[in-house]
Each structure stands twice: as structure tokens, then as C-alpha cells.
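Q: what's the 3D shape of this:
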Amino acid sequence: MIHVLYLDDEVHNLTAFRAAFRRDFHVHVTTEPTEAVRILRDQPIEVIISDQKMPTLSGVEFFELIMPDYPNPIRMLLTGHADIDAVIDAINKGQIYKYISKPWNELELKGLVQEAADLYHQRQAMASEGEQLMERMSQARTLASHILIMTQKEQNPSEKMDKIGSLAQQINDLLGG
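A: Modelled structure (predicted):
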């Protein structure tokens, strides 16, 4: 189940959000940025939704604050105040996936959260694939260095070619060829 964190200073918004989405998502709600950070530390949050206008800091400021330690969750901003400068800040500073106006439509927001979670999982899969590729490339470099060493050693040419061919096949297998 998708883990969603919603930060808003208005309790009735949190209550409405939890009621609307508790069957579809694992919902974490809070009015306090410090509590939101604790939830991020303790839970596998995939999507973070924050209100833009809050008394202690803005949603964009909250996203900027958490980004160094929690760069992977997809961020969405809810606001009842349409402001082009806030939208630009949200995109540039907070790296916001979606900027949503209040009042939100339940069906639309559910779809956006699902899209955001799908994007989160795609990014995680790509990162994992990248790590696996880097490991295979490292192994291939090691095998290639063995080939280089073998070509410099005095050996029976036929035996040398067999070993080089075997190592080359291992490199080819590692790289998916």
C-alpha cells in the first residue's frame, strides 16, 4: 500500500484527507513540520503532500528543508492561494511534482497520488538498475584487466587464446550481450 504523508496546519483538512484516502493509501497526517520529519524518518513515505501557507514555514520551505535527507519521495503542494511566484518557487526550489489548488477533488487527487507513487517506484527501479549496471561494469573492467595481464605473460599461444576467449565471454555475459 502506498504511504502518503500530508502536512497541513488546518486539522479539518487533515481529517478530510484521512477520511477520503484511508482505504486507498497508508495515510500519515500532521500539523507540525517536526512531526512530519519524524514520520519521514520512521515510515517508507513515497508521496509527500504539503499545504503551502502555514504559520511556521511554507510548503516550499518544508520541501527545501527535507530534500537533503529525503530526496526520493515525490512532492506535491496544495494551496488555497493561487500565486504565480509561489508556483515558480515550488517548481524550482521545492522540486514539486504537482501544484494543486484547494479545495481538491477526491477522485482527481487520488489519481495524482497514484501517479506520483508510480513515478516514485519507477525512479527506485531505475536507480536499482543503475547500481546493478555499475556493478557489472566493475566486474567487466576486472575481467578486462585479466585479459591484459594474460596477453603480456609468456604462455602457449593456443592456451592464451582459450583463456582470453573465456574471459571475453564472461564480459559479454555480464554486459548482457
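Q: I'd like the distance between the spatially most central residue of the chain and residue 123.
A: In the chain, the centroid-proximal residue (CA atoms, centre = their mean) is residue 72; its distance is 3.0 Å. Residue 72 is 7 Å from residue 123, where distance means CB to CB, to the nearest Å. Using the backbone N, CA and C atoms, a C-beta is placed for each residue, glycine as well.
Q: and for those two, which residues touch both?
A: Common contact partners of residue 72 and residue 123 (CB atoms under 8 Å, 6 or more residues apart in numbering): none.
Q: Would you tell me what the next helix or strand after the lowest-mean-pLDDT helix or strand in the chain is?
A: Least confident helix or strand of the chain, by mean pLDDT, DSSP states H and E, is helix 84-92 with a mean of 66. The C-terminal neighbour of helix 84-92 among helices and strands, as given by DSSP states H and E, is strand 98-101.
Q: Can you tell me which helices and strands that following strand packs against?
A: Applying 3 or more CB pairs under 8 Å, 6 or more residues apart in numbering; DSSP states H and E, one finds that strand 98-101 contacts strand 74-79, helix 84-92, helix 106-152.
Q: Lowest average pLDDT across these?
A: The stretch with the lowest mean pLDDT among the helices and strands packed on strand 98-101 is helix 84-92, at a mean of 66.
Q: Neighbours of residue 32, how many?
A: Neighbourhood size, residue 32 [other CB atoms under 10 Å]: 13.
Q: how much space between it and residue 41?
A: Taking CB to CB, one finds residue 32 at 14 Å from residue 41.
Q: and what of residue 69?
A: For residue 69 relative to residue 41 (CB to CB), the value is 8 Å.
Q: ditto for residue 3
A: 13 Å.
Q: Please identify which of the two sits among more neighbours.
A: When residue 3 and residue 41 are compared on other CB under 10 Å, the one with more neighbours turns out to be residue 3, at 19 against 10.
Q: so that one touches residue 29, yeah?
A: No: with contact defined as CB atoms under 8 Å, residue 3 does not count as touching residue 29 (11.9 Å).
Q: can you list the domains in the chain?
A: If you go by automatic domain parsing, the domain ranges for the chain are 3-127, 132-174.
Q: out of the ones you listed, deepest packed?
A: Across the domains of the chain, averaging neighbours per residue (mean count of other CB atoms under 10 Å) puts domain 3-127 on top, at a mean of 17.
Q: Relative to the whole chain's centre, how far out is that domain?
A: Put simply, domain 3-127 sits 13 Å off its chain's centre (CA atoms, centre = their mean, to the nearest Å).
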